[in-house]
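Student: Here you go, sequence then predicted model.
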Amino acid sequence: MIPPCENPFLFGHAAAEKEFAAARHAGRLHHAWLITGADGIGKATLAYRLARSLLTLSGDPNDRANPSFRRVARETHADLLTVTREWDDKRKRQRTEIVIDGARDVAGFLRLTPAEGGWRVVIVDGAEHLNRNAANAILKVLEEPPARAILLLTCATPGRLLPTIRSRCRRLRLEPLDAEAMAQALAVVLPGQEAGLIDLAEGSPGRAMLLADEGGIAIAALVDGVLRDPAPLSAVRAWDLADKLGRSDTGYSTFMDLLRDRLGSAVRAAARGGQQGRGDPFLSRRPLGEWSEVWHALGRLQDETERSNLDKRHAVVAGLELLNAP
């Protein structure tokens with residue numbers, strides 16, 4: 001897997017990149033850009049690509065041999081600051097929030113004179129994870145933006161951001177990659193493993209890499225089995241599924257991510273078709289409008305389980321009970 005800061009490739013999002021470039025060349029470059037789209041779709045890759053376009057004073061900004069590219073890749077460029085969730089060494093995973101310690105330096109950093117005479121750039125990767133204090137620190141910068149300073153915020157769920165942050169950003173919406181772009185992306189990031197992943201990944205190269213790792217394709221089949229069964233799972237079947245997932249370190253997270261993704265996609269498809277769930281035996285268990293709360297409840301369950309390191313087998317069973325409840 002190529003980290004976004006080291007990735008010279010961009011698949012399927014040329015229109016968004018051109019929109020940013022056109023605003024820059026017209027002298028109307030907004031001070032803050034909100035890059036939205038599904039997890040794994042390329043938001044951070046685009047953010048670093050846009051940052052390199054501003055920070056590279058000569059040569060191709062996406063040439064790995066360019067000194068500016070190398071400094072951005074190592075995250076040692078003097079005019080670039082990245083804010084994201086910190087790594088928790090104790091729990092061996094990213095923290096659940098971006099806290100104030102990660103955001104308080106943004107204002108001071110952007111008000112400094114660019115070290116190389118160009119721009120100062122801040123990337124907030126996963127802005128939906130900003131806690132209230134960190135979000136307020138970013139908001140203060142957006143309210144009084146310094147000259148020659150750009151904020152690039154990536155966000156999978158913009159509804160979780162403060163409305164005042166959203167309103168001060170120009171949005172770049174990234175759509176899922178089509179089959180051709182996915183094939184091109186997977187030929188680079190997963191050579192020889194493209195077959196069977198394009199449809200499952202739903203336009204997200206990041207999801208394809210997740211599925212290719214730790215038995216993800218098998219877990220996707222388990223999710224499909226749950227959502228295609230018109231009858232609620234028995235307690236015995238639920239615990240059997242939980243045991244299967246417990247054999248992998250990432251099984252629980254992959255299962256819950258895919259379960260919420262597939263459930264959300266099914267509900268949106270039913271709503272667009274005006275079916276109100278009647279055409280889907282699984283969704284017909286309850287009114288379509290109630291499935292949104294189930295989706296949110298599954299997210300809260302996953303967050304609490306991972307944040308507090310709770311028993312993941314019990315969490316799987318609890319999640320399946322949420323699906324089964326009348």
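Tutor: Received the coordinates, thanks. Numbers count the residues shown, from 1 in each chain.

Student: Quick one: list the elements packing against whatever helix or strand L211 lives in.
Tutor: Here L211, judged by DSSP states H and E, is contained in helix 205-212. If you count contacts as 3 or more Cβ pairs under 8 Å, 6 or more residues apart in numbering; DSSP states H and E, helix 205-212 packs onto helix 179-189, helix 197-201, helix 216-228, helix 251-272. Yep, even glycine has a C-beta here, placed from its N, CA and C like the rest.

Student: which one of those lies closest to R160?
Tutor: Closest to R160 of the helices and strands packed on helix 205-212 is helix 251-272 (Cβ to Cβ; 14.2 Å).

Student: Okay, angle between that closest one and helix 216-228 too, please.
Tutor: Between helix 251-272 and helix 216-228, the angle comes out at 50 degrees (axes from the mean of the first three to the mean of the last three Cα atoms, to 10 degrees).

Student: between helix 251-272 and helix 205-212, how big is the angle?
Tutor: Using the same axes, to 10 degrees: helix 251-272 against helix 205-212 is 130 degrees.

Student: how far does helix 251-272 sit from the chain's center?
Tutor: Helix 251-272 sits 14 Å away from the centroid of its parent chain (Cα atoms, centre = their mean, to the nearest Å).

Student: Which helix or strand lies directly C-terminal to it?
Tutor: Tracing the chain C-terminally past helix 251-272 and defining elements by DSSP H and E, one meets helix 291-308 next.

Student: what packs against that following helix?
Tutor: Checked by 3+ Cβ pairs under 8 Å, 6+ apart, helix 291-308 has helix 251-272, helix 312-324 packed alongside it.

Student: what is the mean pLDDT for it?
Tutor: For helix 291-308, mean pLDDT is 87.

Student: okay, it in PDB with CA atoms only?
Tutor: Coordinates of each C-alpha in helix 291-308 appear next as PDB, following Å, rounded to 0.1, in the frame of the first residue of the first chain:
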ATOM      1  CA  TRP A 291     -32.700   1.900   9.100                       C
ATOM      2  CA  SER A 292     -30.900   5.200   9.400                       C
ATOM      3  CA  GLU A 293     -30.900   5.000  13.100                       C
ATOM      4  CA  VAL A 294     -29.700   1.400  12.900                       C
ATOM      5  CA  TRP A 295     -26.800   2.500  10.700                       C
ATOM      6  CA  HIS A 296     -25.900   5.200  13.300                       C
ATOM      7  CA  ALA A 297     -26.300   2.700  16.200                       C
ATOM      8  CA  LEU A 298     -23.900   0.300  14.500                       C
ATOM      9  CA  GLY A 299     -21.300   3.100  14.100                       C
ATOM     10  CA  ARG A 300     -21.600   4.000  17.800                       C
ATOM     11  CA  LEU A 301     -21.200   0.400  18.800                       C
ATOM     12  CA  GLN A 302     -18.100   0.000  16.700                       C
ATOM     13  CA  ASP A 303     -16.600   3.300  18.000                       C
ATOM     14  CA  GLU A 304     -17.200   2.300  21.600                       C
ATOM     15  CA  THR A 305     -15.900  -1.200  21.100                       C
ATOM     16  CA  GLU A 306     -12.700  -0.100  19.400                       C
ATOM     17  CA  ARG A 307     -12.100   2.900  21.700                       C
ATOM     18  CA  SER A 308     -12.600   0.900  24.900                       C
END
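
Student: which parts of that helix are buried?
Tutor: Within helix 291-308, the residues scored as buried using 16 or more other Cβ atoms under 10 Å are W291, V294, W295, L298, L301, Q302, T305, E306.

Student: which residues sit against it?
Tutor: With contacts defined as Cβ atoms under 8 Å, 6 or more residues apart in numbering, helix 291-308 is touched by 93, 96, 252-253, 256-257, 259-260, 263-264, 267, 277, 283, 310-312, 315, 318-319, 322-323.

Student: Could you do stretch 238-250 as well?
Tutor: Residues contacting stretch 238-250 (Cβ under 8 Å, 6+ apart): 213-215, 219, 222, 226, 233, 251-252, 254-255, 312-314, 316-317, 320-321.

Student: Surely G102 and E86 touch.
Tutor: Yes: using Cβ atoms under 8 Å, G102 is in contact with E86, at 6.6 Å.

Student: Compare neighbour counts for those two and give me the winner.
Tutor: The residue with more neighbours, out of G102 and E86, is G102; 22 against 13, by other Cβ atoms under 10 Å.

Student: OK, contacts around L320?
Tutor: With Cβ under 8 Å, 6+ apart, L320 has these contacts: V226, L233, A238, L241.
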